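1. here is my input; please provide its structure:
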Amino acid sequence: MRSQDDLVSFLRYISTSGHKSIKKFSARAALLAKPPNFFRTLPLGSVVVYPDFIIFLTLNTNSPGYSLLFKEVFDKVNAFKTVTGWVTEPSSLVDFLFEKLPEAFERKSDVEKMFSNPNSFFVSLESVKSVVANFNFSQGHSITVKTATKSFVVCQDALVEQRENYFESMWKMLTGQWHSDIINFLKSKI
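-> Residues are numbered from 1 along each chain as shown. Below is the predicted model:
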């Protein structure tokens with residue numbers, strides 16, 4: 001669980017420094033001491049690296065664990081069923097839009113949701129004590145970062161990355177080059 005102080009420190013940093021992010025990428029992450037057996041048990045979101053902060057933002061409010069994995073599978077099966085229904089009964093698409101469109105306008109903004117999400121976290125790089133890059137042949141790469149008060153892991157999600165570039169994602173997985181620039185940057189902050 002993150003503290004409000006981390007968020008306040010990050011917002012103060014952004015408002016006073018004017019720094020732009022160094023890099024942003026999709027990954028699975030959580031406040032854990034070591035990578036889990038299955039990376040897909042972690043929430044999916046965006047990792048954003050700034051010169052003095054690393055943050056993880058996600059809309060997923062489920063706690064990390066197998067229940068998250070099963071919920072994602074269930075949601076994908078339901079989405080597939082819905083799309084299949086549109087193919088067999090096209091008028092159901094119109095019904096779906098009329099049902100969901102008002103909900104979209106009533107929701108809080110995604111930014112507000114991500115910043116208030118307990119799975120999102122904000123870590124000052126001045127507190128980093130160690131950075132370890134790991135590799136699991138069946139799942140990909142992960143980065144474990146420890147500070148004086150907490151640890152977090154950032155894990156590769158090859159399925160998300162493959163949408164960006166199939167060859168590059170596979171090449172980085174096989175050669176161990178997954179965000180090596182970020183790993184080196186984080187290590188330089190120790």
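
2. wait, F25 sits on G45?
-> No - with contact defined as C-beta atoms under 8 Å, F25 does not reach G45; the gap is 10.3 Å. C-beta coordinates here come from the backbone N, C-alpha and C atoms, glycine included.

3. the two: which has the busier surroundings?
-> Between F25 and G45, G45 has the larger neighbour count (other C-beta atoms under 10 Å), namely 24 against 17.

4. what's the spacing between the longest helix that the chain contains and its chain's center?
-> Identified as the longest helix of the chain according to DSSP state H is helix 66-88. Offset of helix 66-88 from its chain centre (C-alpha atoms, centre = their mean, to the nearest Å): 20 Å.

5. before we move on, what about stretch 48-60?
-> Per C-alpha atoms, centre = their mean, the centroid offset for stretch 48-60 relative to its chain is 9 Å.

6. now do the same end-to-end measure for it.
-> Using C-alpha to C-alpha, to the nearest Å, one end of stretch 48-60 lies 16 Å from the other.

7. so L186 lies in a strand, does it not?
-> No - applying DSSP: H, G, I helix; E, B strand; the rest coil, one finds L186 to be helix, outside a strand.

8. identify the residues contacting it.
-> Under the criterion of C-beta atoms under 8 Å, 6 or more residues apart in numbering, the neighbours of L186 are 49, 54, 125, 128, 131, 143, 145.

9. and the pLDDT for the second one?
-> Per-residue confidence for I54 comes out at a pLDDT of 94.

10. from what I can see it touches V48, true?
-> Yes - between I54 and V48 there is a contact at 7.4 Å, judged by C-beta under 8 Å.

11. neighbour count: the two, which is higher?
-> Counted by other C-beta under 10 Å, I54 and V48 do not tie: I54 has more neighbours, with 27 against 16.

12. part of a helix, is the more buried one?
-> No - per three-state DSSP, I54 lies outside any helix segment and is strand.

13. ok, how many other residues are close to the closest residue to it other than its chain neighbours?
-> Using C-beta to C-beta, 6 or more residues apart in numbering and skipping residues adjacent in sequence, the residue nearest I54 is V123, 5.2 Å away. If you count neighbours by other C-beta under 10 Å, V123 ends up with 23.

14. now do the strands in the chain.
-> Secondary structure of the chain by DSSP state E: the strands cover 23-30, 44-49, 53-57, 121-124, 128-136, 140-147, 151-155.
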